[in-house]
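# quick one: sequence plus predicted model below, questions after.
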Amino acid sequence: MRVLHVVPHLDRVGGYERQAATLARHQRSRHSADPILLTHGEGSRPSFEQGQEGEVHRLRKGLLRHHPASWWRQHGERIDVVHCHAMHKLSGQVLALAHNAGLPTLVKVATEDDVAMFADPRGWERLVATREDDVDDGLRGARWRFMVKSAWRRLRRARSFVALHDGIAAQLEEHGLGSVRLPNGVDTDHFRPPTTSQRAAARERLGLPVDACCLAYVGRLAPRKHVVDLVHAFLRLANRATGRVFLLLAGDGPERPALEAQLTSSPYARRVRWIGEVADVRPVLHAADILAHPSRREGMPNAVLEAWACGLPTVLSDIPAHRSMIAGPGETVALLHPLGDVASLSARLAGLAEAPARRALLGAAARRRALKLHGIERIERAYDELYHELVSGAARQPATSMSAGAS
């Protein structure tokens, strides 16, 4: 079975992009037919290459032969099932082509509120107006609303939807769309607790004292990530902690200049490590003692899963995505703090900073959770079963018409 993965921005360092690439790599290792990944061309990357994930095809803007319909005429007959990894115009275009060809289709909703924003394009415009997210100023107006509505009509015709957590499933249900509940995965062999020498080497490269307590953030420096809350919590903690506390920031984005200005002017600027975007975040996680993720809106963040797999304790904002990750009976795998509550975030971090034994227990529990529920082999097998159900027509159907006349 050959799967087409539609990944609108594969070459960008982002959550759903990395999930798609990891899934495709593991599918390629288990199946004879290489996956195909279709994405927008960005930068100088070639239009086609054979990568670790399988065949990677990049569509270039402005070239007729790189329009999705032109690409489909060349390659559509090789495809058995279409898996779209994000709500996006490109996903909608390919879904329409697959539907006309009678192929089964699957859409994964990567982030909370994506469904609501596609169902009501004014939601995008509110994000632009309030600067709540890392979005383009051009995403507004009548033309933009028409494009989003057109994409939504196509997306909702998918044979099946994957919801990362119950909050996303509920949003789909509000629009009459059923879903399969599947979490994100993590390669627990690639991401694992560091050895003593690996941890020492990671700290040495970053110029970190052996006895320091290091807080880490990994991800986009975008408004919805609320990294500013972590910065404020760090400054509080650094001001009152008896030991030395350091902050590691791995990522980039529009918030970086403001965050840099705030930290540079503080008396603790020397305790901050600006790491930027990195292809491999393991050295950051190996050097850290705690990962904080204060985000406002998520699907199921890679950074948290990777930290768990590395045995790192986490402090997370109390939002549906994070609540779903730690839900269930048994041991505590992470600590929550109210969204936007800097005092509470600082208190959670301080409690762990002062309790190495508690950090170890929390990290070990997190590693067990990653192994039990999020191992990429388990997730790959679940998707494989879903693909076969879709091909056989047995997968759960969205409560929306699949009539050929819809557009």
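Sure, I can see it.

# where along the stretch 151-300 of the chain do the strands fall?
Secondary structure of the stretch 151-300 of the chain, counting by DSSP state E, counting those that start in this stretch: strands at 160-163, 180-181, 213-218, 245-250, 272-274, 290-293.

# residue 88: which of these is closest?
Of all the strands of the stretch 151-300 of the chain, strand 160-163 sits nearest to residue 88, with 14.1 Å by CB to CB. To be clear about C-beta, it is placed using only N, CA and C from the backbone, and glycine gets the same treatment.

# neighbouring strands of the closest one in the sheet, and parallel or not?
Strand 160-163 has the following strand partners under DSSP bridges: strand 105-109 (parallel), strand 180-181 (parallel).

# okay, these, which one's buried deepest?
Most buried of the strands paired with strand 160-163 by mean neighbour count (mean count of other CB atoms under 10 Å) is strand 105-109; its value is a mean of 27.

# that one: what's the following helix or strand?
Moving toward the C-terminus from strand 105-109, the next helix or strand (DSSP states H and E) is helix 114-119.

# what residues sit buried inside that following helix?
By 16 or more other CB atoms under 10 Å, the buried positions in helix 114-119 come out as 114, 115, 117, 118, 119.

# check those and tell me the two furthest apart.
Farthest-apart pair in those is 114 and 119; separation 9.5 Å (CB to CB).

# how long is stretch 96-116 from one end to the other?
One end of stretch 96-116 sits 21 Å from the other (CA to CA, to the nearest Å).

# what about it, average pLDDT?
Stretch 96-116 shows a mean pLDDT of 94.

# how far out from the middle of the chain is it?
When C-alpha coordinates are averaged (CA atoms, centre = their mean, to the nearest Å), stretch 96-116 and its chain have centres 17 Å apart.

# coming back round to it: distance to residue 350 for the strands paired with strand 160-163 - can I get that in a markdown table?
Listed next are these as a markdown table, based on distance: least, CB to CB, whole Å:
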| stretch | distance to residue 350 |
| --- | --- |
| strand 105-109 | 36 |
| strand 180-181 | 35 |
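
# those: which one's closest to residue 161?
Nearest to residue 161, of all the strands paired with strand 160-163, is strand 105-109, at 5.2 Å by CB to CB.

# dump that closest one to PDB, keeping only the CA atoms.
Presented in PDB, the C-alpha positions along strand 105-109 are these (Å, rounded to 0.1, in the frame of the first residue of the first chain):
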ATOM      1  CA  THR A 105      -8.700  10.100   2.400                       C
ATOM      2  CA  LEU A 106      -7.700  11.000   6.000                       C
ATOM      3  CA  VAL A 107      -7.200  14.400   7.600                       C
ATOM      4  CA  LYS A 108      -5.400  14.800  10.900                       C
ATOM      5  CA  VAL A 109      -6.300  18.000  12.800                       C
END
